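>>> Just need the structure, nothing else, for what follows:
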Amino acid sequence: MTTTTLAALVPLLPFLGAAAGLLLGRTAPGFVRPLAVLPTLTALVLAAVVAVRQGGGAAVDAATELTPTGSIPIELSLHIDGFAALVAVLVGTVATCVQIYSTGYLREDPRYPSYAALVSLFTSAMFLVVYSGDLIVLLVGWEVMGICSYFLVGHYWETPEARAASIKAFLVTKLGDVPFLIGLFALATDAGSFEIPKVLDAVAHGGLDHPTVVALLLLAGVAGKSAQFPLHTWLPDAMAGPTPVSALIHAATMVAAGVYFIARLLPVFEASAAAMVVLAVMAAVTMVGSGLAALAQDDIKRVLAYSTIGQLGYMTGALAVGDPSAAVFHLLSHGAFKALLFLAAGVIIHAAGTNSLAAMSRMGNLRDRIPDAYWTMTVALLALAAIPPFSGFFSKESVLGAAEHVTTGHTEHAPGAAGWLVLVAGLVTALLTAAYATRLWLLAFHGRGAEAPDHGRQPLTMTVVLWVLAVPSLALGALAYRTLPDWFDGNDLTPALTTSVIGTGVALTGALVAYAAWRHLAALAAVAPMGAVAAHPEGDAAQVEAEAIATHAPAYGDLSSAPDPADPGRLLLGPLHRHAAVGFHLDAVYRALFVRPVQGAASLVRFLDREVVDTYVRGAGALPRWLGAAVRRAQTGNVQTYVSALLAGTVVLAVAALLVASGA
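Numbers count the residues shown, from 1 in each chain. I've put the predicted structure just below:
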């Protein structure tokens, strides 16, 4: 088969698996798991073959016109360069691991057939985004992922949290997709084509008439899809869905799509210095804000959600300084260790016997219960904290090195201000990342909360996947930084000495500070009674906390257990903790600026409809009703009354006629 044919089969196979799974899920349940795993696994193999054939050489292009649309046709086209080839392998790897893992994680779930089919459709849509050479076809995959996320996040629709989270994810991402769609049409109008190679060629020859407007419109969609400030608020709430879905969304599909889109169309953004500065500001605020928020979260999946937001901020930061190679390098590295983090968290949640959420402060004695999750999650957290020689160190240092390169004025692709913003925010975030990664490790595996009931050994399909993902989390970075330049644009990805030393130093500092705070609080807890050291002693605050946790029941298991008092996050953040724990009140701001005005306008419309329109309608019908009532009363059914009225009328008419005649 040709490379083009193989590439076309990559998104097609999961799509066919999804369709077959939906059709046969009820009638032939024995086929559900093979239909979930085998098409995705085959797509992974084909994506790997396509990557080997592409080999980092010239891009593979193929196109056929879907429909004539006048001057700007829409074409079903493939554009496979080094970026697309490797990102497709990442998508296939993570999706296959998620499908295999889900066969154990959701083995008792009655809605597993629809879940597995939606995951396959989700995977197919991301493959379409990665391989597509036409912006409209890319948009199709982009939007299919949005609707799949709605259904998958709301998988546990019995709980109000899942229903609210699915609606929020859909609406917030659509809020960015509207300007994104306008930006795509504006870009195609300026470039004269929806085909990505032709768009890039037009940009290279100065063919964009409104580069700033186009770039900012596209950035709105990227901010929504990739959960960047200020449209990131949906991602932490999306943790109400099944944990394997979180791994898929965070590691290889939906949130990675925005970063990949900018990397592929970076010259469009580089055509506007203002857009690059906006991108840098967005990345810097996202990185630092998410790091602080992650340090204040108690639910393990919300910590990882804010972690994803911050790591995506690193990727957009690399793009803001004009280095797509560093951004995609971190995308690949992050995909491996973030999938491992979420799936290991799923083992923790599964061991505690809960559906979705797990409060770290209430965990206890998990290290010996789930050794596979303990060791593999330790590897993933070290990669997240960018400790050498784990993969996250090399990819994160490529971002910091690219930012440092811009600050010295060695590039024309990005303003120097963007370089300083990304560099400073990246170093601060490295400190925060190591701190919250250490805190998560200590509370989850060495915590002093109540011990959860033992639900037995985890399914083999879950633990095997953890060890498979631990390999790239450990070794991918050291191997990739030497070979990836040949696949990308040739930029050197070797860690720079200055940023490597400083970055590793601040990461170790963050980890040590978090550990010292934990030891300090643990020592106090050993001396003082539990309630005296806990963040919320007995009283109103404890009651509020208990009520808040109870809203997520039964996710937290035994609600009567006391939380672990040795939480370093509250000590390290101090007065900032209560603000960081709720995402710095951004949801409250959105409620005040958008939700309440819309609700107020709806109330006004309802009032006008009820009190004005309905009153007019009722009034218009009242007069005929009154006339009808009067006529009805005259109809007594008495013949004498009718004759009397007739005679009276005759007399009146006669008198009137005489008067008229006498007057004449």
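>>> Return the helix or strand in the protein with minimum mean pLDDT.
helix 540-550 (a mean of 34; mean pLDDT, DSSP states H and E).
>>> what's the next secondary structure element after that one?
helix 568-573 (DSSP states H and E).
>>> roughly how far is that following helix from the heart of the chain?
Counting by Cα atoms, centre = their mean, to the nearest Å, helix 568-573 is centred 27 Å from the centre of its parent chain.
>>> Show me what the following helix or strand past it is packed against.
Using DSSP H and E, the helix or strand that directly follows helix 568-573 along the chain is helix 577-581. Counting contacts by 3 or more Cβ pairs under 8 Å, 6 or more residues apart in numbering; DSSP states H and E, helix 577-581 is packed against helix 273-296, helix 568-573. (Each C-beta comes from the backbone N, C-alpha and C, glycine too.)
>>> ok, of these, where does mean pLDDT dip lowest?
Mean pLDDT is lowest for helix 568-573 among the helices and strands packed on helix 577-581, at a mean of 89.
>>> pLDDT of stretch 9-29, averaged?
pLDDT averaged over stretch 9-29 gives 89.
>>> shaky segments in the stretch 251-400 of the chain?
Within the stretch 251-400 of the chain, the segments meeting pLDDT under 70 span 352-358, 364-365.
>>> now do 90
Residue ranges of the stretch 251-400 of the chain with pLDDT under 90: 252-253, 298-299, 346-371.
>>> cool, the stretch 501-650 of the chain as well?
Checking the stretch 501-650 of the chain against pLDDT under 90 turns up 519-571, 574, 593-595, 607-650.
>>> Show me where the stretch 101-250 of the chain has its helices.
112-131, 135-153, 160-191, 196-204, 211-225, 234-237, 243-251 (DSSP state H, counting those that start in this stretch).
>>> And the fourth one, what's buried?
Of the residues in helix 196-204, Ile196, Lys198, Val199, Leu200, Ala202, Val203 count as buried by neighbour count, 16 or more other Cβ atoms under 10 Å.
>>> from the helices of the stretch 101-250 of the chain, which stretch is densest packed?
helix 243-251 (a mean of 29; mean count of other Cβ atoms under 10 Å).
>>> Give me the contacts around the helix or strand immediately after that helix in the chain.
Next helix or strand after helix 243-251 toward the C-terminus (DSSP H and E): helix 254-264. Contact with helix 254-264 is made by 83-84, 87, 122, 126, 129-130, 138, 142, 145-146, 149, 196, 218, 221-228, 235, 249, 269, 279, 308, 312, 315-316, 319, 324, 327-328, 331, 335, as judged by Cβ atoms under 8 Å, 6 or more residues apart in numbering.
>>> Need the contact partners of the helix or strand containing Thr5.
Assigned by DSSP H and E, Thr5 falls within helix 3-24. By Cβ under 8 Å, 6+ apart, the residues outside helix 3-24 that reach it are 31-32, 35-36, 38-40, 42-43, 46-47, 49-50, 53-54, 60, 62, 78, 80, 88, 92, 95, 113-114, 116-118, 120-121, 123-125, 127-128, 131, 141.
>>> Residues touching whichever helix or strand comes after that helix, excluding its own?
Downstream of helix 3-24, the first helix or strand assigned by DSSP H and E is helix 32-54. By Cβ under 8 Å, 6+ apart, the surrounding residues in contact with helix 32-54 are 3, 6-7, 9-11, 13-14, 16-17, 20-21, 24-25, 60, 80-82, 85-86, 88-89, 91-93, 95-96, 99-100, 102-103, 112-113, 116-117, 119-120, 123, 127.
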